[in-house]
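# I would like to see how this sequence folds:
(4 chains)
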Number of protein chains: 2
Amino acid sequence: MNYYTISQLAEQFDISTRTIRYYEERGLISPIRTESGQRLYTKKDRAVLKLILRGKRFGFSLEEIHEMISLFDKDRTGRKQLEKTIKYGEQKLKEVTERIDDLLQLKHEMETILQDFKTRLREMEDSE
Amino acid sequence: MNYYTISQLAEQFDISTRTIRYYEERGLISPIRTESGQRLYTKKDRAVLKLILRGKRFGFSLEEIHEMISLFDKDRTGRKQLEKTIKYGEQKLKEVTERIDDLLQLKHEMETILQDFKTRLREMEDSE
DNA sequence: ATTGACTTTTACGTAAACGTAAATTAAAAT
DNA sequence: ATTTTAATTTACGTTTACGTAAAAGTCAAT
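Numbering: from 1, shown residues only, chains lettered A, B, ... in the order given. Sure, this is the predicted structure:
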C-alpha cells in the first residue's frame, strides 16, 4: 500500500493544505505520521476527504459531516449501536430524499421560467 | 392587498427579525415603509424570502442567491439583457441538475450501506 | 553538502451570516 | 392615559471555515 502527502491530496482536490489540516483539527480525518511527524494519507483517508468535500457541496456543515462519518465509519459492533446507526442513517436518508425533491421542484420552476424567457426572445426576434 | 410585519414573517419562517433585516442590508429584499419607518412586507416580499431560504438550504451563498433573484426578478426588457439572463439561467439549471445527480448517487450509497447494516443486525438477531 | 521545495506548529486575520444588547420610538392593549 | 409589546438604528460580538505569515525542521535533488 502507498501513501499520499498532504500537498498531493491538496492538488488532487484543488484545496489548500490548510484546509486538510483544518479537517484534521476538527477530527474529520486522521492520517498516520512518519517518524519525523509528516502526515501520510491512505486511500481510505482520501475517500474520507472526498466524502467531506461532497458533503460541503450539499451545504452540510463540517459538524454534520463529522457526525455522519463517525457513525458510518466505525465498526458498530454492539447491537444497540447498530440499531442507533440504522435509525440515524434512515433519518439522514430521508433528509437527502427531501432535498432531492426540493431541488427537482426548483429545477422544474427554472425550466418554466427559462421557457418563458425564450418565448419572449423569439417574439422579439420575429417582430424585427 | 395587505401586509406582513417583520415579526410575522419571522414567525412564519422560524427565523429572527435580525436575519430578515440582514437580507435587506444585503439588498435581497426591499419592503416598503410606513410614515414612521416601520417595514411592511407584501406577498411578493414573502415569496422572495421563501426563495432565499430555499436557496440557503441548498447551500447557496447569499451572494449567489442575490444574483439569481436580481436576474430573474427584474423585467429584462432589452434583448441583450434577455439573452444574458437566459444564458445565466441555463448555467444555473445545469448546476442544479448536477447537484441532483450528485445527491441521487449519495442516496444510493446510503441505501446500500443501510441495507448492509440491516443485514448485519438480522444476522445478530438470528444467532441469539 | 547545500540549495530549494515541502512540511510542521503556532497564531493572528478575515469574510459571511447572523446574534445580542442598548437606546429610542411607535403601536397595541388595558 | 399608561403600561406592554413591537419596531428602529447603531454597533459590537460570535461562529464557521478557512487564509496567511512566521519560525523551524525535513526531504529531494544537484
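
# just the buried residues of the helix-or-strand element of chain A with minimal mean pLDDT, please?
Of all helical and strand segments in chain A, the minimum by mean pLDDT, DSSP states H and E falls on helix A:62-73, at a mean of 85. By 16 or more other C-beta atoms under 10 Å in any protein chain shown, the buried positions in helix A:62-73 come out as A:Leu62, A:Ile65, A:His66, A:Met68, A:Ile69, A:Leu71, A:Phe72. C-beta here means a position set from N, CA and C on the backbone, and glycine is covered the same way.

# and the pLDDT for the residue nearest to the last one when sequence neighbours are not counted?
So the one you mean is A:Phe72. Spatially, and ignoring its direct neighbours in sequence, A:Phe72 is nearest to B:Ile113 (6.1 Å; C-beta to C-beta, 6 or more residues apart in numbering or on different chains). If you check B:Ile113, the pLDDT there is 86.

# might one say that A:Leu9 is in contact with A:Ile20?
Yes: counting by C-beta atoms under 8 Å, A:Ile20 is a contact partner of A:Leu9 at 6.1 Å.

# neighbouring contacts of the least confident helix or strand of chain A?
Contacts to helix A:62-73, defined as C-beta atoms under 8 Å, 6 or more residues apart in numbering or on different chains, come from residues A:23, A:26-28, A:48, A:51-52, A:55-56, A:60, A:85, A:88-89, A:92, B:113.

# related to what we said a few turns ago, who touches both of A:Leu9 and A:Ile20?
Taking C-beta under 8 Å, 6+ apart as the criterion, A:Leu9 and A:Ile20 both touch A:Leu49.

# isn't A:Ile100 up against B:Ile100?
Yes: under the criterion of C-beta under 8 Å, A:Ile100 makes contact with B:Ile100 at 6.2 Å.

# just give me the neighbour total for A:Asp45.
Residues contacting A:Asp45 under the criterion other C-beta atoms under 10 Å in any protein chain shown number 20.

# ok, now A:Lys92?
20.

# biggest helix in chain A, by residue count?
When chain A is parsed with DSSP state H, its longest helix is helix A:79-126.

# what is the distance between that one and the centre of its chain?
Counting by C-alpha atoms, centre = their mean, to the nearest Å, helix A:79-126 is centred 17 Å from the centre of its parent chain.

# and it, what does it pack onto?
Judged by 3 or more C-beta pairs under 8 Å, 6 or more residues apart in numbering or on different chains; DSSP states H and E, the packing partners of helix A:79-126 are helix A:62-73, helix B:43-57, helix B:79-126.

# and the angle from that helix to helix B:43-57?
Here helix A:79-126 runs at an angle of 130 degrees relative to helix B:43-57 (axes from the mean of the first three to the mean of the last three C-alpha atoms, to 10 degrees).

# tilt between helix A:79-126 and helix A:62-73?
Going by the same axes, to 10 degrees, helix A:79-126 makes 130 degrees with helix A:62-73.

# which one of the contacts of helix A:62-73 has the most neighbours?
For the contacts of helix A:62-73, the largest neighbour count, defined by other C-beta under 10 Å, is 24 neighbours, found at A:Ile52.
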